[in-house]
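Trainee: Build me a structure from this.
(one chain, ligands or ions: 1)
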Amino acid sequence: MEKSTPAPHVAMLATPGMGHLIPLAELAKRLAARHAVTTTLLTFASTASATQRAFLASLPPSISPVTLPPVHLSDLPPDALIETRMSVECTRSLPALTAILAELTPRPAAFVTDLFGMDAFDSARRAGVERRCLFFPGSIHSLTLFLHLPELSAATPGEFRDLAEPVRLPGCVPIPGVDMLSPLQERSSPAYAVMVHLAERFVEADAFLVNSFDAVEPEAAAALRHPKPGRPPVYPIGPLIVTAASNKLRDASNKPTRDPCLEWLDRQPARSVIFVSFGSGGALPQEEMRELALGLELSGQRFLWVVRSPSKEGSVSANYYDAESKSDPLGYLPEGFVERTKGVGLVVPSWAPQIEVLAHEATGGFLTHCGWNSTLESHVHGVPMVAWPLYAEQRLNAVMLTEGIGAAIRLPETKEKVTIAAVVRDVMVGERKGALVRAKVAELQKAVEEGLREGGAATAALDGVVENWVGGN
Ligand code: UDP
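Mentor: As a prediction, this is how the structure comes out:
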């Protein structure tokens, strides 16, 4: 960028979920650090939880958070899927969003939102914001799926889960129908229509900023980079994750504090602990929670487990809007489990500082729901994964990680303590499959470092994005 060009201001909209907010905020931080870009970061009122408020309060001065006024959602059925809730909240917030965007000074050079904010492009257009970019918080595989979804949906007569053959997309690992995104599993559900609607709008973006990197899905990245008329250019700018250094907790007097679980990790041998966590909202049915507890115990491995109260059937994402468990989750563990595993395991209710845990040298494995941020955090810190996908695009991520790059071992569909124990042991200390997974993840960690260096692929992609904002094409 020419020195004399004024640094641009951008407006970003994060739809509900820390999994959207965290990477968008990180993008804003990286833009500020490298290009002196300032950002207005808009969020929805429904997610103004304590966790989110604390996160927004910790952002640097280059990022100005603005919460949109609340809209009513009480008419939605209580079992409405997250995708429906997010999309409805976005649509109902458009008038307020247009008014805010129209008043912003300096004028935003671009509007950036994640996939559930596609309808907000209308507000940006009405408010006269010239460039509208999609920040895609998931993998290149997911992005490819979205780009093909309108035609795929039209060409598939029944449910994806009934397809005899996996779905084949350019450069992607074949995706069995059951592993397609959860809102696409029921054609008649409102969430299905929401996903297809969002996907149809993708081509309106001026650019796709995707939170992934070539080494983790090389063929999918190459296929998407191949120019196609009408398809916006793709910029793999990832991994965008919070770093342990920027994530330090502070006490009331602003002194850095350390979570007790990190002190527990300090006392464990190097690479000996498997971290178990299901993202910001995932919870298990009670029966699976029990098998997991017994499986961890049986594995003989050290573990650190973020425990949530069990989910009701069919609602594994019950805590999505607020990660706090509603009742004491430890009460749901098998009788005597905590006492029996005292020497080797630690259970923490609801939330742990995941980045610091993954960065800790005692952590040697990650049993994860395969949320995309968790996946990237695992790669950045070189931690091999056990895949236990729950909802959203997690099953697709699990397919890509296990059948594609080989950075994880996936648990079978039926979760039994014996298999859980065997897979955990394999990823931590196994000499065949586990050793390959550990080697692959070490390779990915190196690729991440190279990509983020000066002149690396992710840095160059971000420079390209800003050049377009400033240069106007
Ligand atoms: N996270 C955390 N502590 C927890 C659970 C989650 O810090 O106990 C963070 C995690 O590091 C990641 C995000 O929350 O950055 C979860 O995002 P992901 O995409 O993995 O899953 P989602 O929450 O969207 O299902």
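Trainee: Give me the next element, helix or strand, following the helix or strand that contains Thr40.
Mentor: Assigned by DSSP states H and E, Thr40 belongs to strand 38-43. Moving toward the C-terminus from strand 38-43, the next helix or strand (DSSP H and E) is helix 50-57.
Trainee: touching the ligand at all, that next one?
Mentor: No: applying C-beta under 6 Å from any ligand atom, one finds that helix 50-57 is not in contact with the ligand, the shortest distance being 9.0 Å. For glycine as for every other residue, the C-beta is placed from the backbone atoms N, C-alpha and C.
Trainee: picking up where we left off before, the strand holding Thr40 vs helix 50-57, what angle?
Mentor: Following axes from the mean of the first three to the mean of the last three C-alpha atoms, to 10 degrees, one obtains 170 degrees for the angle between strand 38-43 and helix 50-57.
Trainee: any weak-confidence spans in the stretch 151-300 of the chain?
Mentor: Counting by pLDDT under 70, the ranges of the stretch 151-300 of the chain that qualify are 244-255.
Trainee: Can you show me the strands along it?
Mentor: Remark: strands assigned in the stretch 151-300 of the chain by DSSP state E, counting those that start in this stretch are 207-210, 234-236, 249-250, 256-257, 273-277.
Trainee: Dump the ones you listed to TSV, plus mean neighbour count and distance to the ligand.
Mentor: Shown next, in TSV, are the strands of the stretch 151-300 of the chain (neighbours: other C-beta atoms under 10 Å; distance: least, C-beta to the nearest ligand atom, whole Å):
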stretch	mean neighbour count	distance to the ligand
strand 207-210	24	14
strand 234-236	24	17
strand 249-250	12	11
strand 256-257	9	15
strand 273-277	25	5
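Trainee: Going C-terminal from the biggest helix by length in the chain, what's the next secondary structure element?
Mentor: Taking DSSP state H as the criterion, the chain has its longest helix at helix 433-452. Next along the chain after helix 433-452, taking DSSP H and E as the criterion, comes helix 457-471.
Trainee: name the helices or strands packed onto that following helix?
Mentor: Helices and strands in packing contact with helix 457-471 are listed as helix 18-35, strand 131-136, strand 207-210, strand 234-236, helix 433-452; criterion 3 or more C-beta pairs under 8 Å, 6 or more residues apart in numbering; DSSP states H and E.
Trainee: Make TSV from those and add distance to Thr459 to it.
Mentor: Formatted as TSV, the entries for those read as follows, by distance: least, C-beta to C-beta, whole Å:
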stretch	distance to Thr459
helix 18-35	8
strand 131-136	17
strand 207-210	13
strand 234-236	11
helix 433-452	6
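Trainee: Make sure Gly365 is indeed in a helix.
Mentor: No: residue state for Gly365 (DSSP: H, G, I helix; E, B strand; the rest coil) corresponds to strand; a helix is not indicated.
Trainee: Okay, and the beta partners of it?
Mentor: With DSSP bridges as the criterion, the beta-bridge partners of Gly365 are Ile274.
Trainee: With Val347 instead?
Mentor: For Val347, the beta-bridge partners are Trp305 (DSSP bridges).
Trainee: Would you check that it makes contact with Gly331?
Mentor: No: with the criterion set as C-beta atoms under 8 Å, Val347 and Gly331 do not qualify as a contacting pair; they are 11.3 Å apart.
Trainee: between these two, who's got more neighbours?
Mentor: With other C-beta atoms under 10 Å as the criterion, Val347 and Gly331 differ in neighbour count, and Val347 comes out ahead with 19 against 9.
Trainee: contacting residues around that one?
Mentor: With contacts taken as C-beta atoms under 8 Å, 6 or more residues apart in numbering, Val347 has the following neighbours: Trp305, Val307, Leu330, Leu333, Val338.
Trainee: Highest neighbour count among those?
Mentor: When those are compared by neighbour count (other C-beta under 10 Å), Val307 ends up highest, at 26 neighbours.
Trainee: and Cys370, helix, strand or coil?
Mentor: Reduced to three states with three-state DSSP, the structure at Cys370 is coil.
Trainee: burial of it, as a residue count?
Mentor: Count around Cys370 with other C-beta under 10 Å applied: 31.
Trainee: quick one: it from the ligand, how far?
Mentor: Taking C-beta to the nearest ligand atom, to the nearest Å as the measure, Cys370 and the ligand are separated by 8 Å.
Trainee: go on, Asn211?
Mentor: Here Asn211 is placed at a distance of 10 Å from the ligand (C-beta to the nearest ligand atom).
Trainee: Going forward, count from 97.
Mentor: Right, with 97 as the first residue, what we last looked at is Asn307.
Trainee: For that residue, which residues are in contact?
Mentor: Neighbouring residues of Asn307 by C-beta under 8 Å, 6+ apart: Pro119, Phe231, Phe232, Pro233, Gly234, Ile333, Gly334, Pro335, Leu336, Trp468, Leu472.
Trainee: got a list of what the first one touches?
Mentor: Looking back up the chat, that one is Pro119. Neighbouring residues of Pro119 by C-beta under 8 Å, 6+ apart: Phe231, Pro233, Asn307, Gly334, Leu336, Ile337, Asn469.
Trainee: So for it, what's the nearest residue that isn't a sequence neighbour?
Mentor: Computed as C-beta to C-beta, 6 or more residues apart in numbering, the closest residue to Pro119 that is not its neighbour in sequence is Leu336, at 4.6 Å.
Trainee: Understood, closing this out.
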